[in-house]
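> what follows is a predicted structure for the sequence shown.
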Amino acid sequence: MKRIVLSSYKQDRDSDLTTTSKRIVEKMENNPNFPNPPAALATLKQLLPEYHNAVANAKGRDKEMVAVKRAKKAAVVTLLTELAAYVTLTCNGDEALLLNSGFEISGENGEKRVPVIQKLLVELGPPGEVTTRVKRVAGARAYMHQYTTEPPGSDTVWISEGSTNAYYTFRGLKSTVRYWFRVVALGPAGQTVYSPVDVRVVQ
């Protein structure tokens, strides 16, 4: 049974969400256990002061300020969900590593299975852009969209971007370079399901 991190934050109070987010940013930044964190980490760090100010401004119950605070909170929750997916995949059930990320552990895997990903679509866009897409997986909480520039093997380092969507567009890739792509779906109890791997030469 693998341990997983807490990945649901919608019901958290603003003060608790702020504390949790700050802890995760502090623990994960420049952490050698998480050498390739998704862009969500830097985005979360940048967003936290805005969220803190929005919470303070909303205390007067002004409808506009409350709406701004809700939007900031939703953005923070989305970023935490992406980071939780990355940490779950990276740690592979290692309790010490999970705790080292700043996330709290939510429990053990259940027996519920996540459906297999049968097909991966890799769509070439403008120069440097590639979109990975799979059919939405029933029960999946998040997806990790990944690529590598070396033939996949047991020691391959995959670059990951977490998302709650079954599709993601990578930008800034090098033209004429061969990339291998895959998508990992993460289930409600930390289960991982991998798509087939596909290779493309980026425009």
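Looks like it arrived, so ask away. Numbers count the residues shown, from 1 in each chain.
> going forward, measure contacts between C-alpha atoms and count neighbours the same way
Will do.
> got the domain ranges for the chain?
Using automatic domain parsing, the domain parsing of the chain gives 3-107, 111-201.
> just the strands in this structure please.
Using DSSP state E, the strands of the chain run over 3-5, 105-108, 120-124, 130-134, 142-148, 159-163, 167-170, 178-186, 192-194, 198-201.
> what lines up beside the last one in the sheet?
In this case it means strand 198-201. Applying DSSP bridges, strand 198-201 is found paired with strand 178-186 (antiparallel).
> before we move on, the earlier item: export the strands of the chain to TSV and tack on mean pLDDT, mean neighbour count and distance to residue 15?
Shown next, in TSV, are those (pLDDT from 0 to 100; neighbours: other C-alpha atoms under 10 Å; distance: least, C-alpha to C-alpha, whole Å):
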stretch	mean pLDDT	mean neighbour count	distance to residue 15
strand 3-5	68	24	20
strand 105-108	60	14	19
strand 120-124	95	18	40
strand 130-134	96	20	36
strand 142-148	93	24	25
strand 159-163	90	23	25
strand 167-170	96	18	31
strand 178-186	93	23	28
strand 192-194	83	18	31
strand 198-201	93	15	43
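> the residue sitting furthest away from the middle of the chain and residue 125, how far apart?
The outermost residue of the chain relative to its centre, with distances by C-alpha atoms, centre = their mean, is residue 60 at 33.5 Å. As judged by C-alpha to C-alpha, to the nearest Å, residue 60 and residue 125 stand 46 Å apart.
> from memory residue 28 sits against residue 102, does it?
Yes - the pair residue 28 and residue 102 qualifies as a contact (C-alpha atoms under 8 Å) at a distance of 7.1 Å.
> show me what contacts the nearest residue to residue 135 once chain neighbours are set aside?
Setting aside the residues directly before and after it, residue 135 is nearest to residue 166 in space (C-alpha to C-alpha, 6 or more residues apart in numbering), at 6.7 Å. Counting by C-alpha atoms under 8 Å, 6 or more residues apart in numbering, residue 166 makes contact with 133, 134, 135, 136, 137, 142, 143.
> same deal with residue 168?
By C-alpha under 8 Å, 6+ apart, residue 168 lies in contact with 131, 132, 133, 145.
> what of residue 120?
Residue 120 makes contacts with 132, 133, 134, 182, 183, 195, 196, 197, 198, as judged by C-alpha under 8 Å, 6+ apart.
> which one among the residues you listed gets closest to residue 87?
Of all the contacts of residue 120, residue 183 has the smallest distance to residue 87: 15.3 Å, by C-alpha to C-alpha.
> can you tell me how far the closest one is from residue 167?
Applying C-alpha to C-alpha, the value for residue 183 to residue 167 is 9 Å.
> per-residue pLDDT, the residue positioned nearest the centre of the chain?
With distances taken as C-alpha atoms, centre = their mean, the chain has residue 82 as the residue nearest its mean C-alpha position (2.2 Å). If you check residue 82, the pLDDT there is 89.
> contacting residues around the residue nearest to it when sequence neighbours are not counted?
Leaving out its chain neighbours, the residue that sits closest to residue 82 by C-alpha to C-alpha, 6+ apart is residue 162, at 4.5 Å. Shown in contact with residue 162 (C-alpha under 8 Å, 6+ apart): 38, 40, 82, 83, 85, 86, 142, 143, 144, 145.
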